[in-house]
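# Kindly return the folded structure for what I paste below:
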Amino acid sequence: MSDLVTGDDGLARPAWASVDPMLRDYYDTEWGMPVRDERGVFERLSLEAFQSGLSWRTILAKRPAFRAAFADFDPDTVAAFGEDDVARLMADAGIVRNRAKILATITNANATIALRADGGLAEFVWSFRPESTPQPTTFAEVPTTSDESVALSKALRKRGFAFVGPTTMFALMEALGIVDTHLVDSHRRGTSGVWS
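Have a look, this model is predicted:
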């Protein structure tokens, strides 16, 4: 039995992206496509941290509310958030109300600003791109961490970031297109332009 489902459009997608229109659109247009700007990388880093322990669908459905609550993930604005902002966010039913993750997002905004002196967050994260990418044919072959995600996790922690464990960083690398873990027979395999 294949881990891919061929849709009514004739395109092969993983089961998780084959039914729900929101997940299907995310898979078809966004997941694994290169993101190389500071705000875009900061947003995805933040959302991956909020996703920890939850389903990605939950986070994706709340993304518009997250963007509104966190000033469209502008690091300078988020870095200036104080206790009143934390209280506001803890009262916002539109997002995941986890105090530790909210505080980590503010911490990470400050760490993102500090990284500008050394080329910036996007360049830093992309510097951990591996020499090759996985070539999974089944979900069982898709890794959840890598040597590079472990190294990125350690390097970001050293720079003052929080909620950046190796598994979360591997998911970030997948989302940003740093690695391509689309199944080999998926219509999206190799479409990022990063990996042929």
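# what's the neighbour count on residue 15?
11 (other CB atoms under 10 Å). Every residue, glycine included, has its C-beta placed from N, CA and C.
# Helices of this structure, start to end?
Taking DSSP state H as the test, the helices found in the chain are 21-29, 38-51, 56-69, 75-79, 83-90, 99-115, 121-126, 147-158, 166-176.
# so what secondary structure elements neighbour the fourth one?
Helix 75-79 is packed against helix 38-51, helix 99-115, with contacts defined by 3 or more CB pairs under 8 Å, 6 or more residues apart in numbering; DSSP states H and E.
# nearest to residue 158, of these?
helix 99-115 (10.1 Å; CB to CB).
# Just the residues contacting that closest one, thanks.
Applying CB atoms under 8 Å, 6 or more residues apart in numbering, the contact partners of helix 99-115 are 38, 42, 45-46, 49-50, 52, 70, 75-79, 81, 85-86, 89-90, 121, 124, 156, 159-164.
# Which ChimeraX command selects the buried ones in those?
Selection of buried members from the contacts of helix 99-115 for ChimeraX, criterion 16 or more other CB atoms under 10 Å:
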select :38,42,45,46,49,50,52,70,75,78,79,81,85,89,121,124,156,159,161,162,163,164
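# For residue 141, find the nearest of the helices of the chain.
When the helices of the chain are ranked by distance to residue 141, counting by CB to CB, first place goes to helix 166-176 at 13.8 Å.
# what sits up against that closest one?
Helix 166-176 is contacted from outside by 31-32, 34-35, 41, 44-45, 48-49, 51-52, 125-126, 128-129, 143-146, 148-150, 152-153, 156, 178-179, 181, using CB under 8 Å, 6+ apart.
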